[in-house]
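Make a model of this:
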Amino acid sequence: MKKDRLLWFCTCTALELMTATGVTAYLLYLGQTTIALISSVVFAKVIGFHFIIELHERLKHKKLLLKS
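Predicted coordinates for the structure are as follows:
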């Protein structure tokens, strides 16, 4: 069950999550809170976009399987 949840992320989304966490944490460590906030908002939009595209592709794939 856990393995299925982990495989739900595509590779690019997992890398984006790790990068966003690292960049935001480093900026907070440096005391650049404004830039960290901007960075986290930008990363959140990109990650959200990838989740939406992944869901769309899965639903599209299920519809194709049901038709055949």
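
dump the residue contacts of Thr19.
By C-beta atoms under 8 Å, 6 or more residues apart in numbering, the contact list for Thr19 reads Phe43. C-beta coordinates here come from the backbone N, C-alpha and C atoms, glycine included.

Model confidence for it, exactly?
Per-residue confidence (pLDDT) for Thr19: 92.

Now the element after the particular helix or strand that has it in it, going C-ward?
Thr19 belongs to helix 11-30 when elements are defined using DSSP states H and E. Counting by DSSP H and E, the next helix or strand C-terminal to helix 11-30 is helix 33-67.

Just the buried positions in that next one, please.
Ala36, Ser39, Ser40, Phe43, Ile47, His50 (16 or more other C-beta atoms under 10 Å).

thought the fifth one was touching Glu16?
This means Ile47. Yes. Between Ile47 and Glu16 there is a contact under C-beta atoms under 8 Å: 5.3 Å.

Spatially central residue in the protein, please.
Ile47 (3.2 Å; C-alpha atoms, centre = their mean).

Tell me how far it lies from Thr19.
10 Å (C-beta to C-beta, to the nearest Å).

Likewise for Lys67?
38 Å.

With Gly31 instead?
20 Å.

Then Val46?
As judged by C-beta to C-beta, Val46 and Thr19 stand 10 Å apart.

OK, contacts around Ala36?
Contacts of Ala36 (C-beta under 8 Å, 6+ apart): Thr24, Leu27, Leu28.

do the same with Cys12
Neighbours of Cys12 in contact, by C-beta under 8 Å, 6+ apart: His50.

and the gap between it and Ala20?
12 Å.

Show me the shaky parts of the protein.
The chain contains residues with pLDDT under 70 at 1-10, 65, 68.

90 instead?
Residue ranges of the chain with pLDDT under 90: 1-17, 47-68.

got the contact list for Glu16?
Contact analysis of Glu16 by C-beta under 8 Å, 6+ apart lists Phe43, Val46, Ile47, His50.
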